[in-house]
Structures are given as structure tokens and as C-alpha cells.
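**Q** next come a sequence and a model predicted from it.
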Amino acid sequence: MRSDIPHHVTSLVADASRIAVLTGAGMSAESGVPTFRDAQSGLWKQYDVMHLATPEAWQADADLVWAWYQWRATLVRQAQPNPGHVALADWNSTAEITIVTQNVDDLHERAGSTVAAHVHGSLYEPRCSDCGQPADVDPQTELAHRMPPPHCTVCDGLVRPGVVWFGESLPTEPWDRALAAVAACDVLLVVGTSGVVYPAAGLPSVARAAGVPVVEINPTDTDLTDQVDYSWRATAATALPLLVAQR
């Protein structure tokens with residue numbers, strides 16, 4: 001794994017004034033946030049995440065699903081932005097940085113960045129499962145195996161997590177912003193994403209079709225490695241501070 005910056009990446013970034021960054025679970029993992037499929041522990045070891053993150057799971061047992069997402073939100077609140085998050089926030093003072101993330105946490109924002117698109121939603125933007133009205137939900141201090149979801153103040157429907165479940169379409173406005181960002185930038189950095197979840201994994205191809213060079217930053221090969229222009233084998237917390245320092 002390389003800690004130095006490959007020369008071709010240095011040149012691309014040095015010449016770029018508009019940089020788009022697509023971040024995935026590997027970015028947050030360096031802050032101690034388990035990746036989605038590694039998040040099970042304690043009470044939750046017995047459950048397959050695929051049976052907790054679907055509309056069908058919500059219909060079958062909303063109390064169970066709500067409790068699991070409150071547990072996940074609590075894990076993220078205990079984490080802190082890592083040097084990669086901080087570097088992106090600092091970088092915005094010298095270049096136009098547009099962040100598109102697959103992560104449902106708020107670590108980019110807590111580091112000081114503005115996120116253009118949360119394409120998979122957010123743990124901290126719950127909404128009514130019936131009318132779609134955003135809901136204010138106080139952070140949970142006492143977690144349990146089952147927790148009844150709150151009710152919407154508009155229609156009395158159940159408030160659901162503000163994430164995109166398997167089998168659901170991506171929210172239109174964030175997705176449109178993501179498409180626009182990767183097609184209009186000078187270089188796209190793909191950081192910490194495995195490239196297995198579509199349609200977000202198709203964004204690098206959208207960029208390349210628009211003539212935008214794509215750089216993958218990941219410690220290992222991924223499903224995207226053959227679809228990018230350059231790969232840098234490094235972690236987000238190592239690579240991004242180095243890129244900012246050389247600007």
C-alpha cells in the first residue's frame with residue numbers, strides 16, 4: 001500500500017479547479033464506523049442485515065427495524081471525523097470540492113464540509129413512512145431490542161429511518177445533483193467504496209463518459225478498479241491529507 005502520491009494523481013489534482021469526491025463505507029470505517037455488513041454485534045448478531053434494511057422488513061416488524069437503526073445512529077454519534085474527512089473540509093478553501101456520499105452518517109458535515117448529495121439518505125433525516133414529511137426525532141439515550149417508531153405530527157403515520165432501503169429507488173434530487181457533479185468536474189476521486197451497490201457504483205462511468213478522469217483511492221482492488229483511470233492503494237485518512245498538503 002502506497003503512502004506517497006502517484007505522480008499522475010498529483011498532476012491531475014494540481015490542474016483541477018473543480019474536484020468531485022465520491023465516498024463510500026471505507027471512508028467512515030477509518031472513524032470506527034462498521035461497514036454496513038460488518039455492523040452486527042451484541043443483540044444484532046442473529047440478524048441478517050438484508051432482513052432489516054428493506055421495505056418488507058419495515059412492514060413486517062417496524063419496532064425491530066427502528067430499534068436497529070437507532071442503534072446504528074448511536075454508533076455513529078460516538079465516532080469522530082478522521083483526517084480524511086478533515087482534509088476534504090480544508091481543501092474547499094483552495095478548490096471547489098463537491099462531495100457525493102453513499103454513507104448515511106454525518107461525518108463529512110461534522111468535519112466542516114457541505115455534502116452535495118447523500119445518495120443513500122441519512123440516519124439523521126427521518127421522515128413519515130406515509131406522507132414523507134420530515135420528522136424531528138430526539139437522539140435515543142436508552143436503546144432496546146425493540147423500539148416503537150414515533151408517529152408523524154401531520155398524518156399520524158409511522159416515522160421511518162431516512163435511509164434508502166434495498167429495493168427502493170434513490171431520492172431524485174440528490175441523485176440528479178450527483179450526476180451533475182461527476183459530469184462537470186475536472187477530476188473525480190472515488191474514495192473508500194467497493195463499487196458493488198448500484199446505481200451509485202455507476203457514477204465513475206458517468207464521469208468517464210463525460211471525459212472526466214477518475215482516480216480510485218482504496219487500500220485494495222475493488223469492482224471499480226477496471227473502470228477507473230488510476231488507482232492509488234491508500235486509505236482515505238492517509239491519502240486525502242497528502243493531496244491537500246501538496247496543493
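**A** Structure received.

**Q** quick one: the strands in the protein?
**A** Along the chain, the segments classed as strands by DSSP state E run 18-23, 96-101, 115-118, 127-128, 159-160, 187-191, 214-217, 230-232.

**Q** how far away from the center of its chain is the fourth one?
**A** Distance of strand 127-128 from the chain centroid (CA atoms, centre = their mean, to the nearest Å) equals 20 Å.

**Q** just checking, what packs against it?
**A** If you count contacts as 3 or more CB pairs under 8 Å, 6 or more residues apart in numbering; DSSP states H and E, strand 127-128 packs onto strand 159-160. For the C-beta atoms, the positions are set from N, CA and C on the backbone; glycine is no exception.

**Q** out of the strands of the chain, which comes closest to residue 12?
**A** Closest to residue 12 of the strands of the chain is strand 187-191 (CB to CB; 4.9 Å).

**Q** contacts for the closest one, please.
**A** 12-13, 16, 19-24, 26-27, 84, 182, 203-204, 207, 212-218, 224, 228, 236, 239-240 (CB atoms under 8 Å, 6 or more residues apart in numbering).

**Q** again, only this time at 6 Å
**A** 12, 16, 19-23, 27, 182, 204, 207, 212-217, 236 (CB atoms under 6 Å, 6 or more residues apart in numbering).

**Q** and that strand with strand 96-101, angle?
**A** Going by axes from the mean of the first three to the mean of the last three CA atoms, to 10 degrees, strand 187-191 is angled at 40 degrees with respect to strand 96-101.

**Q** export strand 187-191 to CSV, keeping only CA atoms.
**A** Written as CSV, here are the backbone C-alpha positions of strand 187-191 (Å, rounded to 0.1, in the frame of the first residue of the first chain):
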residue,chain,number,x,y,z
VAL,A,187,-11.4,15.0,-11.8
LEU,A,188,-13.4,12.5,-9.8
LEU,A,189,-11.9,10.9,-6.7
VAL,A,190,-13.6,7.6,-5.7
VAL,A,191,-12.7,7.1,-2.1
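
**Q** let's test this: mean pLDDT of it, rounded?
**A** Strand 187-191 shows a mean pLDDT of 98.

**Q** want to throw the strands of the chain into a markdown table with distance to residue 76 and mean neighbour count?
**A** As requested, the strands of the chain are exported to a markdown table (distance: least, CB to CB, whole Å; neighbours: other CB atoms under 10 Å):
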| stretch | distance to residue 76 | mean neighbour count |
| --- | --- | --- |
| strand 18-23 | 14 | 25 |
| strand 96-101 | 13 | 23 |
| strand 115-118 | 13 | 23 |
| strand 127-128 | 18 | 20 |
| strand 159-160 | 18 | 22 |
| strand 187-191 | 18 | 26 |
| strand 214-217 | 22 | 25 |
| strand 230-232 | 27 | 20 |
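
**Q** do you know which of these lies nearest residue 8?
**A** Closest among these, once you apply CB to CB, is strand 230-232, at 5.6 Å.

**Q** can you list the domains in this protein?
**A** Following automatic domain parsing, the chain resolves into domains at 1-33+80-121+169-247, 34-78+127-160.

**Q** where does this protein have low pLDDT?
**A** Within the chain, the ranges that satisfy pLDDT under 70 run 1-3, 35-46, 247.

**Q** can you tell me which residues contact the residue nearest the centre of it?
**A** Centroid-nearest residue in the chain, with CA atoms, centre = their mean: residue 103, separated by 1.7 Å. If you count contacts by CB under 6 Å, 6+ apart, residue 103 has them with residue 28.

**Q** now with 7 Å, please.
**A** Residues counted as contacts of residue 103 (CB atoms under 7 Å, 6 or more residues apart in numbering) are 23, 24, 25, 27, 28.
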